[in-house]
Structure formats: structure tokens, C-alpha cells
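>>> can't give you the sequence, but here's the structure:
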Ligand SMILES: Nc1ncnc2c1ncn2[C@@H]1O[C@H](COP(=O)(O)OP(=O)(O)O)[C@@H](O)[C@H]1O
Ligand SMILES: Nc1ncnc2c1ncn2[C@@H]1O[C@H](COP(=O)(O)OP(=O)(O)O)[C@@H](O)[C@H]1O
């Protein structure tokens, strides 16, 4: 039902795009993919949630683990294209204290590159 | 919830675009708008259902009245951008025996103009 | 034997509430890995069944919809506590008989339901109507 | 007095079935002319409430969701027949306490529900839990 639709590297940033409900399964899929890139030396990750309109707190919690991991290697996790309710949810949880949120992928890449 | 979003005349064709559930209310809205253009001398009508993904048989029945009316003045009703289930519904009802269906608005206009 | 997982819905008779039924069937269809075409056919049949229960049954009460999920098929029951009718007496509509005649333009619902679903059955008496319709997973209709 | 129109949903405990609840709430929100923001907040709160009922209540039975529509507010009840819990004993999560500590990363559901809805109430004992949450039409929360 939901999945990672695309992963690419743009100017050293790993961009992961998703589709559908960001639940436990999709959270774990993101985490697994990120793990491989971390093992290969990447440290900046951009998650594009344009096609994910809904999240649950279990999926979001898995991202906290990713933030933690990236802190250990001086890396960074950022988001773009958040539906208003997802941005609000991340704000309430405090995720946005640790992760910048950009309106679009282009703007995120421009700032981070 | 659903409505006519745009009405325009392109090469003598009245193009009516809708949004949302094609129910009784939206059927009547289309019918009322068409009536005004018929009174003003128009006889070719294209209904663009790109943003209407679902229909009910009451809405569709109102279109039968429009077909009837247009027959009286040697006019024509055509559709474009039908969701598969709407096309199937129109086919089962036999509407497609009286109305051509085009994939896109451009193709419809090109053929009719 | 395990009971088949069932989603149940009770809808008040309010305009456009049939869309709750179609939204529900879409999630169920995805869960069952039905195709988009099958999902659309189920939604359309459901809309017609709900409208009939809302409009013709003349019930003042709610309408009940049950989605019964199994490996090979989805069974949907639309239940009203209205006045009932005799489905065998309803004649099949033909567009040729409706255009440029005085025949009422409506009357398509039951025909659409039958065309779009794999099997359709009515149980109806003066205490109400239960429409049972089935979409098989491996069918193109 | 007329009974408030109510949509009722009975969901089997199957993965992602909470999406049926959100699809339903979206139609109800539109019907009530709530804003898109309000509708999103209700959906998010419902997801968390359903997941809790599915996961923590340990019930083997279905979960019930009632949408009670009135002019000024939407009241939603999420009911399970599970083991119950004491909501007053649940501590408020803080992300600072979770990052780089051994604290479990989860535990956000109740806090999200309270932040997203206008009022939230739990009735819970060993026979189950009823979560009642309200979204007011004229509020920005
Ligand atoms: N649930 C129901 N309760 C009572 N009568 C019904 C019900 N469903 C259908 N009918 C009867 O069957 C007829 C045909 O229904 P249908 O084919 O859906 O067309 P329409 O709704 O446009 O009349 C209705 O006019 C009504 O008399
Ligand atoms: N319906 C319920 N039945 C039983 N326990 C519940 C229920 N809802 C919540 N709880 C309890 O409250 C705790 C906090 O829930 P929540 O804030 O949603 O976070 P999480 O689900 O991530 O643990 C749960 O871990 C559980 O112990």
C-alpha cells in the first residue's frame, strides 16, 4: 500500500521519496535504505513526503531513531513537501527541532548542497 | 462538494469542466448551464470529467435529458477524460451510443471544430 | 473455522453519505489486492445500492453495510429496514426507450449493480431489503 | 428532539484498517464543512486512537468507531472491549528524553490526540476503553 518510490543521490544528499501511508512498515523501509547509504559513507538525508499524505506516530518514531543515528556521525535529516497535518504532527512531536523542513526538494537541495 | 469549475467556448464548442461527485446536484448544474448556452444558440457541448472520478445513475440520467434536448436542435453532446469506471457506466447505460468519448479535451476539440 | 473479517458501517440517511461506503470499499479493495477496475466497479455498485436504500426503502432509520472479506471474494450486504420491493418485477431499462419518449430517464441502478458485480441477490419483504453482492477476485467483470 | 445523525463503523483488527476510519472522517468533515486543516487533525487523532485500540487493548474483537454529527462539533468515540488502562498514569513524552537515551522512541499517540482535538476523555476499566474526542467547528486547534 505504501512504499519508497525513489532513492537517488543529488550533490551528496541522499533523497528518499515515498508514496502512501507513513506507517511502521514504510518507516522501517526508509530506515533500512538509509542504513545502507550510511554504511557507504552518506550522512545527509532528505525525505520527500510529497506523495505521503498521512503518517502515524509509529512511523514517525522510527525516524527518531534515524535522527539519533545521524547525530552520531554528524549527519543531518531534513524533510520536504510535507502535507500540513504531517508538518503539524512533526512539530507537536518535536521532530522539527532536529530536522529542517523545506517546501520543495529543489529548495532543500539548493540550501544543503 | 462537487461543482462546475469552468465553462468556456472553444471554436463554437461549449466546454463544461466539473469537479467531484457527478450526482443529481451536479447533473442539474450542468443541465442549467447548458440550457443557457442552448438558448443563446450553441449546440455542441463537451463535458470534461477529468476531475470527477465518480458518478451516480441519477446524475447520468440528467445527461440523457440533455442528449434528448440536443437531438431536437441537431446538436451533439460529447465527453472527455473519463475515469474508467465512468466510461464503463456510460457504456452499460448506452449513453456512449449517443455521445462520443474522447481521451482528452484537445482531441475532442480538434475533431469537432 | 475463523469468522471472516467483516467491516460494518451504519450510515444515517444524509445526502452523499454513500461516499463513506465507497471510501470504505476502496480501502478494503486495496487490502484484498483487487485491481483498480474491480475497485471502481464495487464503488459504483455500492453507490447505486446505497441510493436505493436511502431513497426507495422509505426507511426513517439507518442503512447498514457489511463488507465480508475472504481470500477469493468480497461480499457486500446493503441492508435497509424499509418497505421492501419485488426485484423480479423491475424491468430492464433500455436507453432507446427513454430518449425522445415519456419514459422516466431513471431506473438504471439495479441493472448497473448486476452488470458490475459477479453475483447479486435480493431478500426483501415489508420489513426491509437485504441486497447481497459479490465481487470475485479472479474475474474480469 | 431529533437524534444526532451518527455514522458507525465496526473494524476488524487488520493492519491499516484505521485508514477506513480516516476516509470516513474525511467525508463527514466535508459534509460538516470543516476546514482541510481540521479534517487532517481529526484524521491524525483517529489513526492514533485506532492503533491504540488495535494494539494495546489486546482485544480479540472488533473496534467500534462512532461519528456523532452536530451543527457545532463532531464527536468521535473509539471503543474497544480490551483490557483497559489508566490514562492519568501515562507520562507526557518529550523528544529530548528520547534522543540519545534508552527511552523507547514511541509513546506519542495520546499526546497527539490531545493536541489535535478540542477535548479528549477516556472511560476505561477491565472490560474495555471508550475514548471520546471532540472537534469544535469554530476553533483553530
Ligand atoms: N432498497 C429498496 N427498497 C425499496 N425499493 C427499491 C429498493 N431498491 C430498488 N427499489 C425499487 O426498484 C426500482 C428500480 O431501482 P433502480 O434500478 O435503482 O432505479 P431508480 O432508483 O433510478 O428508480 C426503484 O424505482 C424502486 O421502486
Ligand atoms: N485503548 C487502549 N487500551 C489499553 N491501553 C492503552 C489504550 N490506549 C493507550 N493505552 C496505553 O497508553 C500507552 C500510551 O499510548 P500512546 O501515547 O498512544 O503511545 P504508544 O502507543 O506509542 O505506546 C500505551 O503504551 C498503552 O499502555
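Good, I have the coordinates. Worth saying up front: this structure is predicted, and the values here are computed from it rather than measured. Numbers count the residues shown, from 1 in each chain, chains lettered A, B, ... in the order given. Ligands and ions are numbered 1, 2, ... in the order given.
>>> for chain D, what are the nearby residues on chain C?
C:5-12, C:14, C:16-17, C:19-20, C:23-24, C:26-28, C:31, C:62, C:69 (CB under 8 Å from any CB of the partner chain). For glycine as for every other residue, the C-beta is placed from the backbone atoms N, C-alpha and C.
>>> try it again with 6 Å
By the rule CB under 6 Å from any CB of the partner chain, the part of chain C lying against chain D is C:5, C:7-12, C:14, C:19-20, C:23-24, C:27.
>>> in helices, which of the residues you listed appear?
Within those, membership in helices is found for C:19-20, C:23-24, C:27, as judged by DSSP state H.
>>> drop anything exposed from these.
C:19-20, C:23-24, C:27 (16 or more other CB atoms under 10 Å in any protein chain shown).
>>> and those as TSV, adding distance to residue D:90 and pLDDT?
Shown next, in TSV, are these (distance: CB to CB, whole Å; pLDDT from 0 to 100):
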residue	distance to residue D:90	pLDDT
C:19	36	97
C:20	32	97
C:23	32	97
C:24	31	97
C:27	29	96
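>>> export the residues you listed to TSV and tack on distance to residue B:43?
Shown next, in TSV, are those (distance: CB to CB, whole Å):
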residue	distance to residue B:43
C:19	34
C:20	40
C:23	39
C:24	42
C:27	44
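>>> any part of the helix or strand containing residue C:30 near ligand 1?
Assigned by DSSP states H and E, residue C:30 belongs to helix C:18-31. No. On the criterion CB under 6 Å from any ligand atom, helix C:18-31 is out of touch with ligand 1, staying 12.4 Å away.
>>> how big is the angle separating that helix from helix D:18-31?
Helix C:18-31 runs at 160 degrees relative to helix D:18-31, counting by axes from the mean of the first three to the mean of the last three CA atoms, to 10 degrees.
>>> the helix or strand following helix C:18-31 near chain A at all?
As assigned by DSSP H and E, the chain's next helix or strand after helix C:18-31 is helix C:36-55. No. For helix C:36-55, no contact with chain A is found by CB under 6 Å from any CB; the gap never falls below 12.8 Å.
>>> quick one: buried residues of helix C:36-55?
Within helix C:36-55, the residues scored as buried using 16+ other CB under 10 Å are C:38-54.
>>> can you tell me the SS state at residue C:123?
Under DSSP: H, G, I helix; E, B strand; the rest coil, the three-state class of residue C:123 is strand.
>>> residue C:130 is in contact with that one, correct?
Yes. Applying CB atoms under 6 Å as the test, residue C:123 and residue C:130 come out as touching, 4.6 Å apart.
>>> got a list of what residue C:6 touches?
C:66, C:68 (CB atoms under 6 Å, 6 or more residues apart in numbering or on different chains).
>>> and the residue nearest in space to the middle of chain A, what are its bridge partners?
The residue lying closest to the centre of chain A (CA atoms, centre = their mean) is residue A:47, at 3.1 Å. For residue A:47, the beta-bridge partners are residue A:16, residue A:79 (DSSP bridges).
>>> that one against residue A:79, yeah?
Yes. Counting by CB under 6 Å, residue A:79 is a contact partner of residue A:47 at 5.2 Å.
>>> how about residue 93: what's its closest non-neighbour residue?
All of this refers to chain A. residue D:108 (5.5 Å; CB to CB, 6 or more residues apart in numbering or on different chains).
>>> wrong chain, I was asking about chain C
Closest residue to residue C:93 apart from its sequence neighbours, by CB to CB, 6+ apart: residue C:107 at 4.6 Å.
>>> can you get me a residue count around that neighbour?
Around residue C:107 there are 17 other residues, counting by other CB atoms under 10 Å in any protein chain shown.
>>> now do the SS call for it.
What three-state DSSP gives for residue C:107 is coil.
>>> could you pull out the strands in chain A for me?
Secondary structure of chain A, counting by DSSP state E: strands at A:3-10, A:13-19, A:44-51, A:76-80, A:101-102.
>>> show me which residues of chain A sit near chain D.
Selection of chain A residues close to chain D by CB under 6 Å from any CB yields A:56-57, A:61, A:64-65, A:68, A:85, A:89, A:92-94.
>>> any idea how far the closest residue to residue A:25 other than its chain neighbours lies from chain B?
Distance criterion CB to CB, 6+ apart; nearest residue to residue A:25, sequence neighbours excluded, is residue A:2 at 7.0 Å. Look at residue A:2 and chain B: by CB to the nearest CB, to the nearest Å, they are 21 Å apart.
>>> number of residues surrounding residue 12?
You didn't pick a chain, so chain A it is. Neighbour count of residue A:12, defined by other CB under 10 Å: 11.
>>> should've been chain C
18.
>>> read off the pLDDT value for residue C:6.
Here, the pLDDT recorded for residue C:6 equals 97.
>>> ditto for residue C:140
The score at residue C:140 is 54. That number is its pLDDT.
>>> just residue C:32 next, same as before
96.
>>> residue C:123 and residue C:130: which has the busier surroundings?
Neighbours were counted for residue C:123 and for residue C:130 using other CB under 10 Å; residue C:130 has more, 18 against 13.
>>> ok, residue C:34 to residue A:2 distance?
According to CB to CB, to the nearest Å, residue C:34 stands 17 Å off from residue A:2.
>>> sorry, slip of the keys, the one I care about is residue A:39.
24 Å.
>>> look at these two and report which has more neighbours.
For the pair residue A:39 and residue A:2, the greater number of neighbours falls to residue A:2 (19 against 8), based on other CB under 10 Å.
>>> wait, isn't the more buried one in contact with residue A:26?
Yes. Using CB under 6 Å as the test, residue A:2 is close enough to residue A:26 to be in contact (4.6 Å).
>>> which residue does chain A have closest to chain C?
residue A:1 (5.8 Å; CB to the nearest CB).
>>> for that residue, grab the count of nearby residues.
Residue A:1 has 15 neighbours, counted by other CB under 10 Å.
>>> got the contact list for it?
By CB under 6 Å, 6+ apart, the contact set of residue A:1 is A:20, C:30.
>>> can you list the weak-confidence ranges in chain C?
Scanning chain C for pLDDT under 70 picks out C:1-2, C:139-141.
>>> nearest to ligand 1: which residue in it?
residue C:109 (2.1 Å; CB to the nearest ligand atom).
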